[in-house]
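[1] Sharing a model prediction with you, sequence too.
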Amino acid sequence: MKALIAVLLCIVSLSPASADTYVVTTLADSGPGSLREALAKSGRTVTFRIAGVIRLRSMLEFTGRDLTIDGASAPGTGITVRDKTFSLNGAKDVTIRHLRFRHANNDAFRIVGDCRQILLENCSFTHGGDGALDITHDYKSLKRPGDVVVRRCLIAATDKAMLVVGADRLILERNLFTNTGQRNPQLHDAKEFNLLNNVIRNFTVYGLRVRAASSGNAVGNVIPLSPLLPKRPDRTFLIDPTSGECSVYTSGNIGPSQHDPNKFGTQRSPVGLLPNTTDAAGLEAILETEVGARPLDAIDSALVANDPRIKFRPSMTKDK
């Protein structure tokens with residue numbers, strides 16, 4: 001019996017991964033070793049033994065809980081997921097780091113419905129057919145996502161970069177929005193949001209827009225005059241009361257001299273507990289060293305380096 005126990009312990013010690021770790025070993029859309037199969041169950045940490053592009057044939061949706069996807073485990077320049085939407089629908093306790101989501105036919109990435117405790121960190125969302133990254137309530141049940149953090153991400157090369165509708169307790173921190181049309185982000189009925197130390201640049205329609213009775217804080221962001229919209233400094237930072245009076249605290253933001261974002265806040269004190277922020281001076285150079293899925297690939301490197309040749313993908317739908 002002792003010998004049998006010793007053999008079993010030896011087998012366990014030689015196991016390449018624990019039972020709750022799934023190692024992706026193929027770039028195929030589905031099947032053994034695929035990312036889709038990895039997301040078929042809750043309670044997993046997903047790592048990668050391969051690098052390259054995963055071309056989705058249909059939307060990849062996770063509806064469970066307790067999921068960590070560690071893109072930094074992939075060799076080389078990592079993993080890019082493209083062609084179809086990656087969706088979290090009603091998911092709970094999800095962390096995704098160092099992945100790229102690119103060239104989806106609709107939204108590149110979507111958080112929808114009753115999601116809770118979601119962290120997206122050091123990811124890249126680019127070239128979405130509709131949005132690069134959208135966070136919205138379920139349009140049928142009106143269930144709202146909450147407690148979502150998006151940090152050190154690259155959100156770029158998409159007409160309508162980021163839509164937030166019907167979300168609670170959202171933190172957007174130290175992200176780079178660049179080479180877009182609009183929605184950097186658009187906050188519509190977003191409650192207790194914190195928009196902290198982001199850089200929003202190179203847009204053709206508008207930078208940031210807050211509307212529909214949203215409430216929260218915009219602190220320490222950098223929104224320079226866009227060279228793609230040089231005659232409209234007033235389009236950098238918009239608080240629109242026509243669809244519901246907003247409660248927005250603004251402080252420490254840097255914008256065009258003709259349109260100081262800090263003058264347009266509607267609250268004299270922060271909404272709720274304000275997280276710590278850093279001085280916005282020099283923020284753009286700092287973020288260029290830390291945002292996106294690392295190490296950056298050629299496209300993300302060009303976007304981060306402010307290469308104007310990387311154009312946004314026109315949207316498949318009209319802005320509303």
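    Nice, I can see it. Only a predicted model underlies this, so the values are computations on that prediction, with no experimental measurement involved.
[2] any idea which helix or strand carries the closest residue to residue 136 other than its chain neighbours?
    Ranked by CB to CB, 6 or more residues apart in numbering and with sequence neighbours excluded, the top spatial neighbour of residue 136 is residue 165, at 4.3 Å. Where you see a C-beta, it was placed from the backbone N, CA and C, and this is true even at glycine. Under the criterion of DSSP states H and E, residue 165 resides in strand 160-173.
[3] Please name every helix or strand in contact with the next helix or strand along the chain from that strand.
    As assigned by DSSP H and E, the chain's next helix or strand after strand 160-173 is strand 176-178. Applying 3 or more CB pairs under 8 Å, 6 or more residues apart in numbering; DSSP states H and E, we find strand 176-178 packed against strand 154-156, strand 199-200, helix 298-304.
[4] which residues in the stretch 151-300 of the chain form helices?
    283-287, 298-304 (DSSP state H, counting those that start in this stretch).
[5] sorry, back to before: any idea how far the residue nearest to residue 136 is from residue 184?
    Distance of residue 165 to residue 184, given as CB to CB, to the nearest Å: 15 Å.
[6] still on that earlier bit, quickly list what the residue nearest to residue 136 is bridged to.
    residue 136, residue 188 (DSSP bridges).
[7] was I right about it contacting residue 138?
    No: taking contacts as CB atoms under 8 Å, residue 165 lies outside contact range of residue 138: 10.3 Å.
[8] In the chain, where is pLDDT below threshold?
    1-19, 308, 311-320 (pLDDT under 70).
[9] Only the buried residues of stretch 102-118, if you could.
    102-104, 106-113, 115-116, 118 (16 or more other CB atoms under 10 Å).
[10] same deal with stretch 43-50?
    Result for stretch 43-50 [16+ other CB under 10 Å]: buried residues 44-48.
[11] quick one, which of residue 165 and residue 138 is more surrounded?
    residue 165 (19 against 16; other CB atoms under 10 Å).
[12] Show me where the stretch 1-150 of the chain has its helices.
    Counting by DSSP H, counting those that start in this stretch, the helices of the stretch 1-150 of the chain are 2-14, 35-38.
[13] Relative to residue 74, which of the buried residues of stretch 43-50 is nearest.
    Distance to residue 74 across the buried residues of stretch 43-50 (CB to CB) is lowest for residue 48, with 3.7 Å.
[14] wait, the closest one sits on residue 74?
    Yes: applying CB under 8 Å, one finds residue 48 in contact with residue 74, separated by 3.7 Å.
[15] Next, the contact list for residue 195, please.
    172, 185, 187, 208, 216-219, 221 (CB atoms under 8 Å, 6 or more residues apart in numbering).
[16] farthest pair in these?
    Checking the contacts of residue 195 with CB to CB, the most distant pair is 185 and 219, at 15.2 Å.
[17] And those two? Which one has more around it.
    Set residue 185 next to residue 219 and count neighbours by other CB under 10 Å: residue 185 wins out with 31 against 24.
[18] List the residues that contact the closest residue to the more buried one other than its chain neighbours.
    Closest residue in space to residue 185, ignoring its immediate chain neighbours: residue 162 at 3.6 Å, by CB to CB, 6+ apart. By CB under 8 Å, 6+ apart, the contact list for residue 162 reads 125, 131-135, 155, 177, 183-186.
[19] Which ones among the residues you listed map onto strands?
    Under the assignment DSSP state E, the contacts of residue 162 contribute 125, 131-135, 155, 177, 186 to strands.
[20] and of the residues you listed, the nearest to residue 197?
    residue 177 (12.3 Å).
[21] I figured that closest one hits residue 200, correct?
    Yes: using CB under 8 Å, residue 177 is in contact with residue 200, at 4.5 Å.
[22] what is in contact with those two at once?
    184, 207.
[23] Could you list everything the closest residue to residue 265 other than its chain neighbours pairs with in the sheet?
    Nearest residue to residue 265, sequence neighbours excluded (CB to CB, 6+ apart): residue 250, at 3.3 Å. With DSSP bridges as the criterion, residue 250 is bridged to residue 218.
[24] before we move on, back to that, okay if I get the helices of the stretch 151-300 of the chain as TSV plus distance to residue 21 and mean neighbour count?
    Below are those laid out as TSV (distance: least, CB to CB, whole Å; neighbours: other CB atoms under 10 Å):
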stretch	distance to residue 21	mean neighbour count
helix 283-287	32	16
helix 298-304	27	18
